[in-house]
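> Next one to model:
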Amino acid sequence: MDNREVMRRFVPYGAAVGAVAITTALIGVVVGRAQIANISMLYLVAVLVVAVAFGRSAAIVASILAFLTFDWFFVPPTHQLVVADAEELFSLALFLITAVVTGTLAARERARAQEAEHREHDAKVLYEAAFFMAEPDLERALVAVAEHFRSALDLDAVSIEADTGILPHPAVAARDDAARDSLKAAGTELRLMDASGASRRIRLVGPQKPGAARDKRTRVVPIVSANERIGAVRILPRKGATELGPGDARLLAIAAAQLGLTIERARFRKEATEAEVLRRADDLKTELLHAVSHELRTPLASILASAGSLRQRDVEWTDRERDEFAGAIQDEAVRLDRVVGSLLDLSRIENGTLVPHKAWHDVGALVEDVAGRMRPVTTGHPVRVDIPDDLPPIELDYVEIQQVLSNLVENAAKFSPNGSEIGISVTRNNGDVRFEIRDHGPGIPASDTERIFEPFVRLARAGQGPRGVGLGLAIAKRLVEAHAGTIWIDRSQSDGTSIVFTLPGRAGVS
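Next comes the predicted model:
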């Protein structure tokens, strides 16, 4: 036991002696000048002060000292522990009982007040820890919790460890590098604590640097969930503190239970995320098979049929018929190439390998180029292009934005009645460039406004079955977002479908 511990234990009793001595001196001064009845009650004030400040044991010592001192100095015959008058003896006995009971009650109220303060402190610490545990990032949450408990309990270091599958590295909070090294040192003596504050000692023998002293302050609180240990909290108390108080031990045990729930919640969240990824991948494969089985087999069947017809030697085909077969093979091959290209583009976008290569381009020229290239697709649909003359160049990937516009125009032509107009307009909007492709088809239901941009989503419109692979809008959305833009369905139009996307419109330097 060090000197500070000795001083801490004997200070209450020294205070009891001091309080009685001061009260005795005060009574001596008063008695020397005037006779006051029941002046011994002043000792009760001293006992109450000692009880409130230092507790029950010090209050009882003060009561006994007050009884003996008053008898010695103020009860005839003085300077003797003898009472001549039986009435005085009764008064002294009543005084002693009153002082002990009063001191005990005051000490009990003091203990209750301290316990209430401790409970309030513990509740506040645990509430703040629970707030940190709500952080979705488990590693960041545990680092914040470790630092919170290190600061709240005045510890040198705290480390929170979990299964490597959940947390690859311990979350450590330390007062300084020396404390961090002491917490990690091998060969330390650990104490396993539970919620009751009881502990059992475990000595770990491991490699140690020559001449290095073992730090025996480290304590361990296990983190348990469903009767299975999933981690631990390591505590390094501050120097000079050999033991944690029972209140701190209980607090850490409760914190370990909360950490167990947090770690388990993170584990379940990780498993749920992995399961969701697998489910979405399975759904994606199913949609891919459904879409590709039709979109690939149809052109392949047409190509095979046309090629087989050309190879028939027993039929004399005219030049016109041979050109029709060759044209069908070419058209279906182009269609097949477009489907495969869309699949490859989506794969590169999802993998992050399709990165925009931006340069400054004239938006009007880009739109006119797309309108010209899409004439075979928009046959039977008048196309109206509306572009202001003063539109400045913007920075974009020409090929990618051309593909976005092509996909949107192709969709408009595919789902619009023959002869209906397709509109392409470009305007300035709060510093951005706003593109709008509008058709007069059956439109998109409000319930499918967000879903339509997901891969392999195909909607049946106006009595038609699903058409296409369902990749055009999905690819367009990802290419626009790669340019820091946004794309959406404009619901303000009364008929048809209006798809709008914006791109950052920083003007080029002339």
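> In contact with Leu65, which residues?
16-17, 20 (C-beta atoms under 8 Å, 6 or more residues apart in numbering). C-beta: built from backbone N, CA, C; applies to glycine.
> Confirm that it sits in a helix.
Yes. Leu65 sits within a helix when classified using DSSP: H, G, I helix; E, B strand; the rest coil.
> distance of it from Phe73?
12 Å (C-beta to C-beta, to the nearest Å).
> next one: phi and psi at Ala162?
phi -140, psi 170 (degrees, to the nearest 10).
> residues near it, how many?
25 (other C-beta atoms under 10 Å).
> returning to that earlier point: list just the nearest of the contacts of Leu65 to Arg112.
Proximity of those to Arg112 was ranked by C-beta to C-beta; the top entry is Ala16 with 20.9 Å.
> Need the nearest residue in space to the closest one, chain neighbours excluded.
Spatial nearest neighbour of Ala16, excluding adjacent residues (C-beta to C-beta, 6 or more residues apart in numbering): Ala62 at 3.9 Å.
> From the contact counts, what lies against the longest helix seen in the chain?
In the chain, assigned by DSSP state H, the helix with the most residues is helix 246-310. Other elements packing on helix 246-310 under the criterion 3 or more C-beta pairs under 8 Å, 6 or more residues apart in numbering; DSSP states H and E are helix 86-133, helix 138-152, strand 189-193, strand 219-225, strand 228-237, helix 319-351.
> Mean neighbour count added to those, as a markdown table?
Output for the helices and strands packed on helix 246-310, formatted as a markdown table (neighbours: other C-beta atoms under 10 Å):
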| stretch | mean neighbour count |
| --- | --- |
| helix 86-133 | 15 |
| helix 138-152 | 20 |
| strand 189-193 | 18 |
| strand 219-225 | 21 |
| strand 228-237 | 20 |
| helix 319-351 | 14 |
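> And the ones you listed, which one averages the lowest pLDDT?
The stretch with the lowest mean pLDDT among the helices and strands packed on helix 246-310 is strand 189-193, at a mean of 44.
> which stretches of the stretch 251-400 of the chain have low pLDDT?
Applying pLDDT under 70 to the stretch 251-400 of the chain picks out residues 281, 284-285, 287-295, 298, 350-353.
> same thing but at 90, please
For the stretch 251-400 of the chain, the stretches with pLDDT under 90 are 251-358, 370, 372-380, 388-393, 397-400.
> Roughly how far does Ala179 sit from Leu155?
On the measure of C-beta to C-beta, Ala179 and Leu155 end up 9 Å apart.
> Determine which member of the two has the greater number of neighbouring residues.
Using other C-beta under 10 Å as the criterion, Ala179 and Leu155 rank with Leu155 on top: 25 against 22.
> confidence score at that one?
For Leu155, the model assigns a pLDDT of 84.
> Also Ser199?
In this model, Ser199 carries a pLDDT of 47.
> Next up, the contacts around the closest residue in space to Ser159 that isn't next to it in sequence.
Nearest residue to Ser159 in three dimensions, chain neighbours excluded: Arg234, at 4.1 Å (C-beta to C-beta, 6+ apart). Remark: with contacts taken as C-beta under 8 Å, 6+ apart, Arg234 is in contact with 157-161, 170, 183, 218-220.
> at 10 Å instead, please
146, 157-161, 170, 172, 183-184, 188, 190, 218-221 (C-beta atoms under 10 Å, 6 or more residues apart in numbering).
> what's the offset of the longest helix of the chain from the middle of its chain?
21 Å (C-alpha atoms, centre = their mean, to the nearest Å).
> cool, and stretch 132-141?
The answer for stretch 132-141 is 4 Å, by C-alpha atoms, centre = their mean.
> Sticking with Gln312, tell me its helix or strand.
Gln312 belongs to no helix or strand when elements are defined using DSSP states H and E.
> Now for the residue nearest to Phe73 when sequence neighbours are not counted, how many residues are close by?
Nearest residue to Phe73 in three dimensions, chain neighbours excluded: Thr24, at 6.2 Å (C-beta to C-beta, 6+ apart). Neighbour count for Thr24, taken as other C-beta under 10 Å: 20.
> Now for Thr24, which secondary structure element holds it?
Residue-wise, Thr24 maps onto helix 3-33 under DSSP H and E.
> what is the rounded mean pLDDT of the next helix or strand after that helix?
With elements assigned by DSSP H and E, the helix or strand that comes after helix 3-33 is helix 42-54. For helix 42-54, mean pLDDT rounds to 79.
> ok, now which ones touch the nearest residue to Leu42 once chain neighbours are set aside?
Of all residues not flanking Leu42 in the chain, Thr23 sits nearest, at 5.4 Å (C-beta to C-beta, 6+ apart). Thr23 makes contact with 40, 42-47, 49, 62, 65-66, 69-70 under the criterion C-beta under 10 Å, 6+ apart.
> burial measure for Arg384, as a count.
Arg384 has 11 nearby residues by other C-beta under 10 Å.
> which ones are touching it?
371, 421-425, 438.
> Is it part of a helix or strand, or is it coil?
Bear in mind the rule, three-state DSSP; under it Arg384 is strand.
> One more: the one 5 residues further on?
Assigned by three-state DSSP, the conformation of Asp389 is coil.
> Walk me through the domains of this protein.
Taking automatic domain parsing as the reference, the chain has its domains at 3-122, 136-270, 285-350, 359-504.
> out of these, which comes closest to Ala130?
The closest of the domains of the chain to Ala130 is domain 136-270. By C-beta to C-beta, the value is 6.3 Å.
> Check the offset of the closest one from the chain's centre.
With C-alpha atoms, centre = their mean, you get 21 Å for domain 136-270.
> For the residue nearest the centre of the chain, give me the pLDDT.
The centre of the chain sits closest to Pro136, judged by C-alpha atoms, centre = their mean, with a distance of 1.7 Å. We have a pLDDT of 80 for Pro136.
> Let me know the secondary structure of it.
Per three-state DSSP, Pro136 ends up coil.
> before we move on, what about Ser494?
Using three-state DSSP, the three-state assignment for Ser494 comes out as coil.
> Can you give me every residue that contacts it?
Counting by C-beta under 10 Å, 6+ apart, Ser494 touches Gly443.
> how far away is the nearest residue to Glu135 once chain neighbours are set aside from Ala162?
Counting by C-beta to C-beta, 6+ apart, Ala141 is the residue found nearest to Glu135 once chain neighbours are left out, at 3.7 Å. Computed as C-beta to C-beta, the Ala141 to Ala162 distance reads 11 Å.
> what is in contact with those two at once?
Common neighbours of Ala141 and Ala162, using C-beta under 10 Å, 6+ apart, are 171, 259, 262-263, 266.
> Could I get the domains of the chain in a markdown table, plus columns for distance to Ala129?
Converted to a markdown table, the domains of the chain look like this (distance: least, C-beta to C-beta, whole Å):
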| stretch | distance to Ala129 |
| --- | --- |
| domain 3-122 | 10 |
| domain 136-270 | 5 |
| domain 285-350 | 39 |
| domain 359-504 | 38 |
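> From Leu278, how far out is Glu271?
As judged by C-beta to C-beta, Glu271 and Leu278 stand 11 Å apart.
> Let me know the distance separating the closest residue to Ala307 other than its chain neighbours from Gly341.
Nearest-residue entry for Ala307: Ile329, 6.2 Å, with adjacent residues in sequence omitted and distances by C-beta to C-beta, 6+ apart. Applying C-beta to C-beta, the value for Ile329 to Gly341 is 18 Å.
> So how do I select the buried members of the contacts of Leu65 in ChimeraX?
Remark: buried members of the contacts of Leu65, expressed as a ChimeraX selection using 16 or more other C-beta atoms under 10 Å:
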select :16,20
